[in-house]
Every structure is written in structure tokens, then in C-alpha cells.
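Enquirer: Whatever this is, show me its structure:
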Amino acid sequence: MLGEYLPILLFLFVSTGLGIVLLIAGWALGPRRPDAEKLSPYECGFEAFEDARMQFDVRYYLIAIQFIIFDLEIAFVFPWAVNFRNLGIVGLTEMGIFIGLLVLGFVYVWKKGALEWE
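Expert: Residues are numbered from 1 along each chain as shown. Got it, this is the predicted structure:
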């Protein structure tokens, strides 16, 4: 039974070895010409002017969370669409309630102004 895993083990060894060889080759053969321009900190095309630990606006996180929520909606809608014929009217009703709640949440977020970026 363990013989069936030999191709997987061989693949892991070859891919790990190839990765290590390529990293070493890049390090050994790559050019090393450091200068002040390359070693300077880069932040949006100009010199850093504040501490890196500055606080972000809460709206940034709100929009990120909203993106995740509405992106995960597709994870539920796609399998439903594939099995739509088998689910019948019950599946249609359940998905209608689900989409309705998402639309209601979207309207609430929109009316609260959470999508506005100033």
C-alpha cells in the first residue's frame, strides 16, 4: 500500500530539490550592486514621512469585511445554480431569502455611508 505513495513522494523530493537549486542559483549568479537608491525605503513613490505603526481608518476594515462577505456569496450561489433543477421550489425559495438578506444588508451598508471613501 505504501508503494502507491511513491510517485507523490518522488514529486515532493524533485520539486523541493528544484526549488532549492533555483534559489541557490539566483543567489549565486544574480548581480549584487547595492546603492543608496536601492537600499532606501520605498513608500508610494516618495520618502516615508511617518511611523509605520500609524492607525488606519476604520472604514478601510469595514470595506474589506464587506468585500469578503459579498465575495463569499458566490461560494453559496454557484453550487445552488449547478443543482437548481434538483432543488425545486424549496431551493428557489431558500436562495431567494438568502439573496434578499444580502441585498438588505447591502442597502443598509449603503444608506449608512460605509461605502463612501473620503
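
Enquirer: can we go C-alpha only for contacts and neighbour counts from here?
Expert: Fine.

Enquirer: Next up, phi/psi of the most centrally placed residue in the chain, please.
Expert: Against the mean C-alpha coordinate of the chain, by CA atoms, centre = their mean, the closest residue is residue 68 at 8.9 Å. Dihedral pair for residue 68: phi -60, psi -40, per degrees, to the nearest 10.

Enquirer: separation between it and residue 89?
Expert: Relative to residue 89, residue 68 is positioned 29 Å away (criterion: CA to CA, to the nearest Å).

Enquirer: ok, now residue 14?
Expert: From residue 14 to residue 89 the distance is 52 Å (CA to CA).

Enquirer: Same question for residue 67.
Expert: For residue 67, the distance to residue 89 - CA to CA - is 30 Å.

Enquirer: now swap in residue 105 and tell me
Expert: Counting by CA to CA - residue 105 and residue 89 are separated by 24 Å.

Enquirer: So for those two, which sits in the more crowded spot?
Expert: Neighbour count, other CA atoms under 10 Å: between residue 105 and residue 89, residue 105 has more, with 14 against 11.

Enquirer: For that one, what is the enclosing helix or strand?
Expert: helix 84-112 (DSSP states H and E).

Enquirer: what comes up buried for that helix?
Expert: 91, 95, 106, 109 (16 or more other CA atoms under 10 Å).

Enquirer: try stretch 5-15
Expert: So, applying 16+ other CA under 10 Å, stretch 5-15 has no buried residues.

Enquirer: tell me the SS of residue 53?
Expert: coil (DSSP: H, G, I helix; E, B strand; the rest coil).

Enquirer: That one and residue 39, how far apart?
Expert: Taken as CA to CA, the span from residue 53 to residue 39 is 21 Å.
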